[in-house]
Every structure is written in C-alpha cells, then in structure tokens.
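**Student:** coords please:
(one chain, ligands or ions: 1)
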Amino acid sequence: MIAGFLLTAYAALSLIVTTSLSSPKPIIIDTDIYSDVDDVGSLAVANVLHNCGLADLRGVVINERSKYGALAANTINTYFLNGDIPIGAIRPLSDDTFFDKYRYLDSLGSAQDNSITIISIGFLTNIAELLESPPDQHSSSNGRELISSKVKELVVMGGTYPAGWEFNFGGLDPASTKAVVENWPANVAITYSGAELGGGIYSGYLLPTHSPPNSPILAAYQWYVGRGSTVRESWDPVTTLYGILGLDGFQKLGFKAPLVFANSIGYNSVLDNGTNSWVYDSKVTNQHWLELADGVTNSTVSFLLDQFLVHNPLDSRCI
Ligand SMILES: [Ca+2]
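**Tutor:** Take a look at the predicted model:
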C-alpha cells in the first residue's frame with residue numbers, strides 16, 4: 001500500500017531537482033501542542049526548513065495551558081539541533097493567569113518592518129492578547145501597532161471554508177477567535193487553512209520505516225495514533241508548509257505549487273461559538289483561505305510532508 005502511495009505521489013509531484021535558495025523567511029509558530037500530534041509534525045516541517053535555509057524560526061509560543069507544551073516543543077527543536085530557539089508559554093505553567101507576551105514583543109520589536117509571518121496552529125488566545133497589549137517595559141508600541149508594522153502575514157489553521165465549525169476556533173476559546181478575526185489590522189494579510197484542507201491530507205506513512213531510531217517525531221506519532229499506526233490528518237503541517245513557502249516557494253524544493261487562494265475578496269465572519277462563514281466583499285482583499293491547486297491531490301501533499309517528518313537532523317538539505 002505504501003509503495004503504491006509513493007508511486008502515485010512521485011508521479012503527481014513532477015519532481016525537479018533544484019537547490020536555488022533565497023533568504024530564510026522569519027516565522028513565529030503559535031501552537032497548542034497538546035490536543036493532537038499534528039503540531040509535532042508542524043515543528044518538524046519548520047525545523048527542517050529552518051536548517052536548510054528557507055525559514056528562520058524566531059520563536060515558538062505555546063497557546064495551551066499545559067506545563068508540558070514548552071518541554072515538548074523544546075524536545076523537537078533540540079532533536080533538530082535548534083535547542084536555542086526561544087519558547088514562550090502561558091505562565092505559571094500550571095496556572096492560567098499570565099501569558100508570556102514578552103516572547104512576542106521581543107521577537108516583533110527586534111524584527112524588520114513587514115517581515116514576520118506568524119503561523120497559528122492552535123487557539124488564538126495569545127494573539128488576541130497581543131492585539132490588546134498596551135506598551136510596557138518590553139515595547140514602546142502597543143501590540144496592535146507592533147503587528148501592523150512588523151507582521152507580514154498571519155497564517156491560521158482554523159475554521160472551515162466557506163463555512164462551518166472547527167475546534168481551534170470554537171473548542172476552547174471562541175472569544176479570542178472572534179477578537180482576532182474581527183480586529184486583525186486591515187493592512188496585514190491573514191490567510192486561513194481550514195479543517196477541510198488538512199483533514200483530507202494524511203501524513204506519517206513513512207515514520208516507522210524511514211525515521212532515525214531516536215526520533216521524537218516517530219515516538220509522538222506512535223503514542224498518539226496508536227494501534228500500530230502513525231498516520232494522521234495534517235491540519236497543522238499543511239498550514240506550516242504554506243506559512244513558510246507561501247504559494248510560490250515550493251519551486252525552491254523542486255515542486256509544483258500545491259496550494260492556491262480559494263478566494264480573491266471578502267472576509268471571515270465568526271459567531272460567538274466559533275462557527276465561521278465567508279462573506280464576499282469586494283472592499284476587503286487582505287483575507288484568503290487555501291485550497292489545493294488544480295491537478296494536485298491529497299497524496300501529493302502527503303508525500304511531501306512525510307519527507308519532513310522522517311528527515312534526519314544531520315542532513316542539511318531541505319528534502
Ligand atoms: Ca494544533
């Protein structure tokens with residue numbers, strides 16, 4: 001079954017060998033890394049592309065109140081020889097009273113204008129708080145001003161498109177979802193990766209046979225999926241892949257662009273319970289949601305993701 005899957009994927013990908021690289025794209029990943037293993041897959045994607053020069057992972061921020069989140073993220077970063085990447089968390093680690101917004105303020109404050117891509121693969125709790133943050137000892141600008149000046153794009157795994165209910169939006173903190181979706185600065189792009197996109201793309205097929213034996217990626221997928229399988233939906237890894245490579249960056253890996261914007265105009269609308277729907281409005285052009293490009297199948301993207309999940313940390317090539 002795996003062999004057939006690989007052949008199909010190879011045929012669809014039209015693999016071209018190319019190594020032309022550009023400057024690394026600065027990103028921050030905001031992850032819940034507790035409710036599903038696909039956050040682990042996302043950090044693998046980000047670390048591999050960081051090590052091969054396509055991404056500059058400036059920080060990881062945990063958006064779930066768990067004392068294990070930061071440890072898990074650091075384990076993955078360290079496995080990929082990136083243990084020095086800063087990690088922010090909601091603190092105290094076992095309480096619910098304080099968000100480590102310093103990590104955002106520090107990363108954004110020191111960044112060039114219009115340069116940072118924030119990749120949100122969990123709840124929007126932290127970003128909502130950042131939007132409302134006043135100036136403090138870490139920044140003379142408030143959070144909204146920092147976002148407007150420093151952030152190039154917010155990429156969000158959340159919602160269903162063109163309409164529906166999804167866990168990141170409605171499961172734990174729909175008030176923060178609504179705050180971010182409704183108040184995101186109009187001058188900064190926001191791109192949504194919906195449940196319907198990553199939910200159709202499975203990854204982890206190659207983990208048991210192609211992983212280094214000490215891989216925490218393999219261990220995480222084995223423990224989470226269970227019953228002898230390591231295959232899981234790819235909501236967060238697909239989102240992260242777009243967040244780093246955009247629509248056109250896949251060519252740097254030798255691949256045809258697998259994702260396109262499904263819309264050219266309009267905005268996301270969210271109800272109090274997190275249910276979202278797309279409103280078509282020609283006056284709004286900074287918001288999009290993603291879909292597969294014509295001729296691209298779920299297995300095409302599955303194959304690409306698996307290359308990152310099994311990547312040897314000592315191999316500095318992208319794939
Ligand atoms: Ca997640």
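**Student:** Other residues contacting stretch 307-319?
**Tutor:** Here stretch 307-319 makes contact (CB atoms under 8 Å, 6 or more residues apart in numbering) with 41, 44-45, 47-49, 51-54, 79-81, 203-204, 206-207, 210-212, 215, 217-218, 221, 237, 252-254, 304. C-beta: built from backbone N, CA, C; applies to glycine.
**Student:** Tell me how far the closest residue to residue 214 other than its chain neighbours lies from the ion.
**Tutor:** Closest residue to residue 214 in three dimensions, ignoring its sequence neighbours and counting by CB to CB, 6 or more residues apart in numbering: residue 79, at 7.6 Å. When distance is defined by CB to the ion, to the nearest Å, residue 79 is 19 Å away from the ion.
**Student:** Could you report the neighbour count for residue 79?
**Tutor:** As a burial measure, the neighbour count of residue 79 was computed by other CB atoms under 10 Å and equals 18.
**Student:** List the residues that contact it.
**Tutor:** The neighbours of residue 79, taking CB under 8 Å, 6+ apart as the test, are 47, 214-217, 313.
**Student:** From residue 110, how far off is residue 290?
**Tutor:** In this view, residue 290 and residue 110 are 29 Å apart by CB to CB, to the nearest Å.
**Student:** pretty sure residue 108 is in a strand, no?
**Tutor:** No. Counting by DSSP: H, G, I helix; E, B strand; the rest coil, residue 108 is not found in a strand; it is helix.
**Student:** surely it meets residue 151?
**Tutor:** Yes. Taking CB atoms under 8 Å as the definition, residue 108 is a contact partner of residue 151 at 7.0 Å.
**Student:** Overlap of the contact sets of these two?
**Tutor:** Between them, residue 108 and residue 151 have residue 116 as joint contacts when contacts are counted by CB under 8 Å, 6+ apart.
**Student:** ok and the residue in the stretch 201-319 of the chain nearest the ion?
**Tutor:** Of all residues in the stretch 201-319 of the chain, residue 236 sits closest to the ion, at 4.8 Å by CB to the ion.
**Student:** SS state for that residue?
**Tutor:** On the basis of three-state DSSP, residue 236 is classed as helix.
**Student:** just checking, it touches residue 121?
**Tutor:** Yes. Taking contact to mean CB under 8 Å, the distance of 3.9 Å between residue 236 and residue 121 places them in contact.
**Student:** What ranges does the protein have for its helices?
**Tutor:** Here the chain has its helices, by DSSP state H, at 2-13, 38-51, 69-79, 102-109, 125-132, 143-150, 167-170, 174-183, 195-198, 207-210, 216-225, 235-245, 298-309.
**Student:** hang on, the earlier thing: of residue 290 and residue 110, which one has the most company?
**Tutor:** Neighbours of residue 290 and residue 110, each counted by other CB under 10 Å, are more numerous for residue 290; the result is 25 against 9.
**Student:** Quickly list what that one is bridged to.
**Tutor:** Applying DSSP bridges to residue 290 yields these beta-bridge partners: residue 261.
**Student:** residues in contact with it?
**Tutor:** The contact partners of residue 290, by CB under 8 Å, 6+ apart, come to 191-194, 197, 238, 242, 259-262.
**Student:** ok, now with 7 Å
**Tutor:** Under the criterion of CB atoms under 7 Å, 6 or more residues apart in numbering, the neighbours of residue 290 are 191, 193, 197, 242, 259, 261-262.
**Student:** Over to residue 219?
**Tutor:** Neighbour list for residue 219: empty [criterion: CB under 7 Å, 6+ apart].
**Student:** Distance check, it against residue 146.
**Tutor:** From residue 219 over to residue 146 the distance is 37 Å, taken as CB to CB.
**Student:** what's the answer for residue 292, then?
**Tutor:** The separation that residue 292 has from residue 146, given CB to CB, amounts to 34 Å.
**Student:** quick one, which of the two is more surrounded?
**Tutor:** residue 146 (23 against 18).
**Student:** Look up the closest residue to the more buried one, ignoring the ones flanking it.
**Tutor:** Counting by CB to CB, 6+ apart, residue 108 is the residue found nearest to residue 146 once chain neighbours are left out, at 4.6 Å.
**Student:** Assess the claim that the one you found and residue 148 are in contact.
**Tutor:** No. Under the criterion of CB atoms under 7 Å, residue 108 is not in contact with residue 148, lying 10.4 Å apart.
**Student:** higher neighbour count, those two?
**Tutor:** The residue with the greater number of neighbours, taking residue 108 and residue 148 and applying other CB under 10 Å, is residue 108; the counts read 25 against 17.
**Student:** what's near enough to touch that one?
**Tutor:** Neighbour list for residue 108: 116, 146, 150 [criterion: CB under 7 Å, 6+ apart].
**Student:** Output these as TSV; include the columns pLDDT and distance to the ion.
**Tutor:** Written out in TSV, the entries for these read as follows (pLDDT from 0 to 100; distance: CB to the ion, whole Å):
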residue	pLDDT	distance to the ion
116	97	20
146	93	24
150	96	24
